[in-house]
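J.: got a predicted structure plus its sequence, pasted below:
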Amino acid sequence: MADEQHTGLVFHPMDQFQIHPLFGDGPIAWYTPTNATLWMALALLTVVLFFVTGTRGRATIPSRIQSIAELTYGFVHKMVEDVAGKDALKFFPYIFTLFIFIAVSNFLGLIPMSFSTTSHIAVTAVLALLVFVTVTVVGFVKHGFGFLGLFWPSSAPLALRPVLAVIEVISYFVRPVSHSIRLAGNVLAGHAVIKVFAAFAPLVLMSWIGVLVTPLSILAITAMYGLEILVALIQAYVFTILTCLYLKDALHPAH
């Protein structure tokens, strides 16, 4: 926010990402209920209520909620089948859960005075590590040590294969890092920019220059908010499609 001090306006755009306990002001332990756990729980509750409501009637002529639920289901189902193949459909429930949880968490984070859980690397890192471990286990279970062929590019010249193998191993273990940072970084950056623009909105109450700055600030906030609505959906899509690509490598390491 913007605080009026003797030195002028002071911005604190990162305050919105602070984690604090819901009860009291003591230290935060792994079992302490925080604003992060509250909004993750709300995301789960929203997902359950949405799909229970949307699929309860199963009308021939669907309602709006049912249509959105069916379109979302079909969209992710087709993504998994097209990207990872038909044999990856057994993992569809897991991938669908990832997509809908991230999308709903992103949208809940756009509510004023809410908390964006996907802006924290601790949350996105856990999601990315779960994908990484799942894909790796699937690869070894399905192919045994043949899964290591993913790191040995047999089509490359023999002299280059050891170098390319090292690069492939490094890029493989970097996957959860890039997977998690991409989501958290985009969400965090967008929310921080909106907070900076919002700090200029009350300037009209403090100075004559606010007559010009405040309308521009409100316009910028509106534009950024619209962009963040797209980012919320796009980042859920990107996280999910990368999961499908990693799963494809585990199921078909020679491709």
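T.: Now that the structure is in, tell me what you want to look at.

J.: helix, strand or coil for Ala159?
T.: coil (DSSP: H, G, I helix; E, B strand; the rest coil).

J.: quick check: buried residues in whichever strand or helix holds Val174?
T.: For Val174, the element it lies in under DSSP states H and E is helix 161-200. Across helix 161-200, burial judged by 16 or more other CB atoms under 10 Å covers 161, 165, 172, 175-176, 179-180, 182-184, 186-188, 190-200. For every residue, glycine as well, the C-beta is placed using N, CA and C.

J.: got it, and stretch 22-34?
T.: In stretch 22-34, counting by 16+ other CB under 10 Å, buried: Thr34.

J.: again, but for stretch 145-158
T.: Residues Phe147, Leu150, Phe151 are the ones in stretch 145-158 that count as buried (16+ other CB under 10 Å).

J.: lowest average confidence, helix or strand, in this structure?
T.: strand 2-5 (a mean of 46; mean pLDDT, DSSP states H and E).

J.: tell me the secondary structure at Ala29.
T.: coil.

J.: name the nearest residue to Val177, sequence neighbours excluded.
T.: Ala128 (7.7 Å; CB to CB, 6 or more residues apart in numbering).

J.: check contacts around Arg182.
T.: Counting by CB atoms under 8 Å, 6 or more residues apart in numbering, Arg182 touches Gln235, Val238, Phe239.

J.: distance check, it against Asn106.
T.: Distance of Arg182 to Asn106, given as CB to CB, to the nearest Å: 13 Å.

J.: also Met224?
T.: 14 Å.

J.: the two - which one has more neighbours?
T.: Asn106 (27 against 19; other CB atoms under 10 Å).

J.: which of the residues in the helix or strand that contains Val47 are buried?
T.: For Val47, the enclosing helix or strand under DSSP H and E is helix 35-56. Across helix 35-56, burial judged by 16+ other CB under 10 Å covers Ala36, Thr37, Trp39, Met40, Leu42, Ala43, Thr46, Val47, Phe50, Phe51, Gly54.
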